Every structure is written in C-alpha cells, then in structure tokens.
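[1] sequence and predicted model, in that order:
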Amino acid sequence: MTRLTPAPPAGELIDSPPFPKAAPVQLANPVQRKNLHHAMTTIRTKRANVVAEKADWEAMRVAGAQIKDRTLRHLDTYLLQLEESLQRNGVHVHWATDADDANRIVREIVDERLAREDAVAAPREVVKVKSMATQEIELNEALEDAGIAAWETDLAELIVQLGHDRPTHFLVPAIHRNRAEVREIFLEEMGRYGKPAPDDLDTEPAHLAGAAREHLREKFLRAKVAVSGANFAVAETGTLAVVESEGNGRMCLTLADTLVSIVGIEKILPTFADLEVFLQLLPRSSTAERMNPYTSLWSGPAEGDGPQEMHVVLLDNGRTDVLADEVGRDALRCIRCSACLNVCPVYEKVGGNAYGSVYPGPIGAVLTPALRGTSSPIDRSLPFASSLCGACNDVCPVKIPLAELLVHQRNRVVEAKKKDTMPHAEAAVMASASWMMADHRRWSMATKSSGLAGRLLGRRMESFGPLPPPLSRWTNARDVKMMPTESFRDWWARERGGKR
C-alpha cells in the first residue's frame, strides 16, 4: 500500500522546527500568503454579517460559556451519565487514556470487523469524517502502520491527504491551496488510490468537486467500517452530533456496517436542549452560515437503519491535566469553530503549518502546550506566537479569554525554563534588568546613559539596523528605534521643576 500520510508522523509534527524558525519559511511563500489573505478576509466579512443578524448574540455567547463551564465543573458526573446513556442505546463504550490507547482500540475494532467471515475479501480500509481528535492522536498513521488505509472523505481533507500535506485550518484544512494546485493534485494522485480524475479536468470548483465525488463514491459503497469524531455528545440521551457542509459525513455515518466515533471528553453537553445554543453559535462562527447544511444526530444502532454496530471511544489524552489547571481549563470550552484563527493577524500571515501542531492559531497556541506540556521546543514557542491584540477574545463564541490564557501559558514556559539545568540568556537578561530597576539610583544612571547614547547616535540614524547574534534573533524582523535623547525623569524635572 502506498503511504498517504506525510512521514514522520504528522500529529505532533516532530520534524517541524519551533514557531520562530518555521514562521519565516511560511512567510516566504507568496502564493500561500495570498490565498490566506483572500480566504480570511472573505470569512471575516461573512461572519460579521450573519452575527449582526442576531440581536441576542452576546447573550448566546454567555449562555454557551456558562453551559461549558457547568459541564467542566461536573465532568466526572456527566461522563458516567453519557456512558450509561450510550450503553442503554446499544453502543459499545471504550475509555482511552492517551493516543496510543485510542489507536489500539480502533485497530482492534477494525481488525475484528474485517476478520469476520463475510468480510474476508473486503479491503483493509476505513472511510473517515473530518475529525480534529483523530488528527491529534495520529489515527491515520497508526492505521497505515497496521496495513489499514484511512480514506478522508471531506473535500478539503481529501486535498490535503492526496497532496501528502498537512491541514492548516480547523474548518478549511486546504485553505492554503488554490484551485490550480488542487487540479494538479487530483490529476497526479487520484489514480494511485482509486478512480482517477478526468484528463480534461479544469479549475472550476464544481468540476473539482465532481471529480472528488466520483473518486469517493466507490469507497463509501464498499467500506465496512467508518470513523468519525463528534462535535457534541449529549449526556442525557447518549446522542452524538456531527455538523458538516458536504454530506460526506452523512454517507460515512449511515452506509458502513460499523461506526467508530472518537470523542474528546470535553465535547459533552448535559442536556439535549443545550444543543439549541451551540447549533446556532457554531455555524455562524465557523462557516458564517445560519445553519449547517448537514446536522447528523445518532444515538445507537437500529435494525435496517445505518450502522448495525457502534463504538464510542472517549478520549482523554491530556484533557484531565488541563481540567486540573484552574486558569487554563477555560480552553476546554473550545468548540473548534476557527473564529479565532480567522481574525488572528499572525495566523493570516504564516498559516497553520508554522505552529507544529494539529491545532493552529490562538487556540492552538494555548491548547497544544496545555495538552502536551512544555517540554519540547515547539510547545514552548507556541504561547509567544501571538501579538496579544485580543481580537480572538472578541469573536470566540464561548468567550474563551484567549489573550489571558496565552499569558498564562507563557508564564508556564518561563517557570519550566527555571528548572532546566542549562542557563538561558533570557533569564540572565531579565535578572539584570530586575537588579537595575530595583534601585532608583541605578535606574536613573541607566536612563542618563541611554540618553547620551541617543544624542550621539541619533544624529546619524533613526533606528538600529541588524545586530549581531544573539540580538539578531530580534532585530532581523524588527526595527529597533533609537534611544530617546531625554528620559521621562529628565523631562519631568525640566517641565515641572522636579515637583512630584
């Protein structure tokens, strides 16, 4: 079987450099920057229009946040209630502590299903609904290592998969690709994995979608196992919800004999009535629609209707650690709408691949180090991949204080560095600054010295040019203004005669 996914595994993108090194590479791609700017501008405008239609939008955001907070406070109770409701509906429930555990469970289910007598001749494959949870645990890679092909059926995910690429956005994983690139991917790759694209395929969106439809249809019809995530899981009724725009999710959820759903434990809602709030918040915040074209709800198998065997894998993978953080747990409210990505000036310039994680943008810069810790250079760099402008706070449909959480994660990174055996230049600089600012005489002497330097150098330049290492890491992307010729203390003394 020809490998579809990038190697090495893409979940943690361990082959990726930290954000400060990855960002310049992405900035140097003019096609991607143009694609991102056009897409982000369009999505922001559409979202603003549909949100403005709701006079009670802010009240709805508050309601969404309160429902999520209540759920997280009593998560243990709702998890047990969800398990009981699912089992009552005839669903097999599995608990997964981490990614390895979840992947093992899914592999065993697929192997058992395909080993049955009526499936001996069936291809070793599954069809998939787009799912951030399966990307997080690297399910596609784990299945491929076991000789099982995992076919993505969402159009954008198909583009990414056939392009041996990585998703760069929650809702539009191939947002960094334009139509000409998609056409080339389809023409070159589709025939290797199924029905080839027509030789005369052009760049019209309808024709590209038609080629994808023909390519995927045979996979839908022959697949014995489907894999999905879930946008929401209702504890009261044991109902899982998937919202999508193409109908591929509906095909996966209804055609296969066996359905496996991987659900993060934070996706729970207490009651069915709570869906009313989130099925209005999510589409407006994500695809800028009043309602998702396809909203699928399922509560268990029914004879002759949909899959006859259903499994739900409840995934932790670091979520209980996040829950234990009284400040950071707000990140678990996230409903994966991507509104924060769409307004983030940093994400718009560099795209998702610079983040080294399946969760890019502001929420990714918070959630990834919260889930994985701050031991790796990639995770330590993410909380600093933000200007802290606060635009993400304003658009989050569940009022996650993302700017505050970014500062919280930065503090965690700094505290972790203190435990390192090797000294950090940053810590030495901060210690020196602290010593200088702790005494008004030392601070006054420093400001007078900087004023003298400003008067001498300011005659020839307005800002410093590139400086040698290690300062070059700052100045190669920023203009550092020349020091002022007069300090605030000196100005105050001159203007106010020294009065305080």
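    Cool, got the structure. Note that the structure is predicted; figures quoted are calculated from it, not measured.

[2] hey, let's count contacts and neighbours off CA atoms from now on
    Noted.

[3] measure the residue nearest the centre of the chain to E108 for me?
    Nearest to the geometric centre of the chain sits Y359, at 2.2 Å (Cα atoms, centre = their mean). Counting by Cα to Cα, to the nearest Å, the gap from Y359 to E108 is 27 Å.

[4] is it correct that the residue nearest to the centre of the chain is in contact with P369?
    No. Contact criterion Cα atoms under 8 Å: Y359 and P369 do not qualify, at 10.3 Å.

[5] doesn't D316 make contact with L371?
    No. Using Cα under 8 Å, L371 makes no contact with D316, being 9.6 Å away.

[6] ok, the two, which is more surrounded?
    Using other Cα atoms under 10 Å as the criterion, L371 and D316 rank with D316 on top: 20 against 17.

[7] can you report phi and psi for the more buried one?
    As for D316, its main-chain torsions (degrees, to the nearest 10) stand at phi -90, psi -80.

[8] where do the helices sit along the stretch 101-250 of the chain?
    132-136, 139-145, 155-162, 179-193, 205-222, 248-255 (DSSP state H, counting those that start in this stretch).

[9] again, but for the stretch 351-500 of the chain
    Counting by DSSP H, counting those that start in this stretch, the helices of the stretch 351-500 of the chain are 361-372, 377-381, 391-395, 402-418, 425-437, 440-457, 472-475, 488-496.

[10] about what we covered before: make a markdown table from the helices of the stretch 101-250 of the chain and add mean neighbour count and mean pLDDT to it.
    Formatted as a markdown table, these follow (neighbours: other Cα atoms under 10 Å; pLDDT from 0 to 100):
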| stretch | mean neighbour count | mean pLDDT |
| --- | --- | --- |
| helix 132-136 | 21 | 95 |
| helix 139-145 | 20 | 96 |
| helix 155-162 | 22 | 95 |
| helix 179-193 | 16 | 96 |
| helix 205-222 | 16 | 95 |
| helix 248-255 | 22 | 91 |
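
[11] so how far is V260 from the closest residue to D305 other than its chain neighbours?
    Once flanking residues are discounted, D305 sits nearest to T254: 7.4 Å by Cα to Cα, 6 or more residues apart in numbering. Counting by Cα to Cα, the separation of T254 from V260 is 12 Å.

[12] try A354
    Where V260 is concerned, A354 sits at a distance of 31 Å (Cα to Cα).

[13] so for the longest helix seen in the chain, what gets flagged as buried?
    The single longest helix within the chain, with elements called by DSSP state H, is helix 30-52. Judged by neighbour count using 16 or more other Cα atoms under 10 Å, the buried positions of helix 30-52 are 32-33, 35-37, 39-40, 43-44, 47, 51.

[14] ok, which pair from these is furthest apart?
    Within these, Q32 and V51 form the most distant pair, 28.0 Å apart (Cα to Cα).

[15] verify the stated contact: the residue nearest to D305 with G306.
    Yes. Counting by Cα under 8 Å, T254 touches G306, with 4.1 Å between them.

[16] kindly export the longest helix of the chain (C-alpha atoms) in PDB.
    In PDB, the C-alpha atoms belonging to helix 30-52 read as follows (Å, rounded to 0.1, in the frame of the first residue of the first chain):
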ATOM      1  CA  PRO A  30       3.800  34.300  -1.600                       C
ATOM      2  CA  VAL A  31       1.100  32.000  -3.000                       C
ATOM      3  CA  GLN A  32       0.100  30.800   0.400                       C
ATOM      4  CA  ARG A  33       0.000  34.300   1.800                       C
ATOM      5  CA  LYS A  34      -2.200  35.500  -1.000                       C
ATOM      6  CA  ASN A  35      -4.500  32.500  -0.500                       C
ATOM      7  CA  LEU A  36      -4.800  33.000   3.200                       C
ATOM      8  CA  HIS A  37      -5.400  36.800   3.000                       C
ATOM      9  CA  HIS A  38      -8.200  36.300   0.500                       C
ATOM     10  CA  ALA A  39      -9.800  33.500   2.500                       C
ATOM     11  CA  MET A  40      -9.500  35.200   5.900                       C
ATOM     12  CA  THR A  41     -10.900  38.500   4.600                       C
ATOM     13  CA  THR A  42     -13.900  36.700   3.000                       C
ATOM     14  CA  ILE A  43     -14.700  34.600   6.100                       C
ATOM     15  CA  ARG A  44     -14.400  37.500   8.500                       C
ATOM     16  CA  THR A  45     -16.800  39.600   6.400                       C
ATOM     17  CA  LYS A  46     -19.400  36.900   6.100                       C
ATOM     18  CA  ARG A  47     -19.200  36.000   9.800                       C
ATOM     19  CA  ALA A  48     -19.700  39.700  10.800                       C
ATOM     20  CA  ASN A  49     -22.900  39.800   8.600                       C
ATOM     21  CA  VAL A  50     -24.600  36.700  10.000                       C
ATOM     22  CA  VAL A  51     -23.700  37.500  13.600                       C
ATOM     23  CA  ALA A  52     -25.100  41.000  13.200                       C
END
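
[17] can you list contacts of that helix?
    The list of residues contacting helix 30-52 from outside it, by Cα atoms under 8 Å, 6 or more residues apart in numbering, reads 26-27, 57, 175-178, 284-290, 342-343, 348-351.

[18] where does pLDDT dip in the chain?
    Residue ranges of the chain with pLDDT under 70: 1-15, 117-122, 421-424, 458-460, 498-500.

[19] switch the cut-off to 80
    1-16, 117-122, 418-430, 450-483, 497-500 (pLDDT under 80).

[20] show me it divided up by domain.
    19-319, 334-418, 426-496 (automatic domain parsing).

[21] looking at those, which one is packed in the most?
    Mean neighbour count (mean count of other Cα atoms under 10 Å) peaks for domain 334-418 among the domains of the chain, with a mean of 22.

[22] quick check: end-to-end length of that domain?
    From start residue to end residue, domain 334-418 stretches across 30 Å - Cα to Cα.

[23] then stretch 230-242?
    5 Å.

[24] so which of the helices of the stretch 351-500 of the chain comes closest to G328?
    With Cα to Cα as the criterion, G328 lies closest to helix 402-418 of these, at 6.3 Å.

[25] ok, residues contacting that closest one?
    In this structure, residues lying in contact with helix 402-418 by Cα under 8 Å, 6+ apart are 327-328, 331, 362-363, 365-366, 369-370, 374, 380, 383-384, 388-390, 392-393, 424.

[26] please redo it, this time with the cut-off set to 10 Å
    327-331, 340, 362-363, 365-367, 369-370, 373-375, 379-394, 396, 423-424, 426-427 (Cα atoms under 10 Å, 6 or more residues apart in numbering).

[27] kindly report the same for stretch 457-475.
    Looking at stretch 457-475 with Cα under 10 Å, 6+ apart, the contacting residues turn out to be 20-21, 425, 451-452, 454, 476-485.

[28] which member of the residues you listed is positioned nearest V322?
    Using Cα to Cα, those come closest to V322 at P20, 25.2 Å.

[29] what sits closest to that closest one if chain neighbours are left out?
    S381 (7.3 Å).
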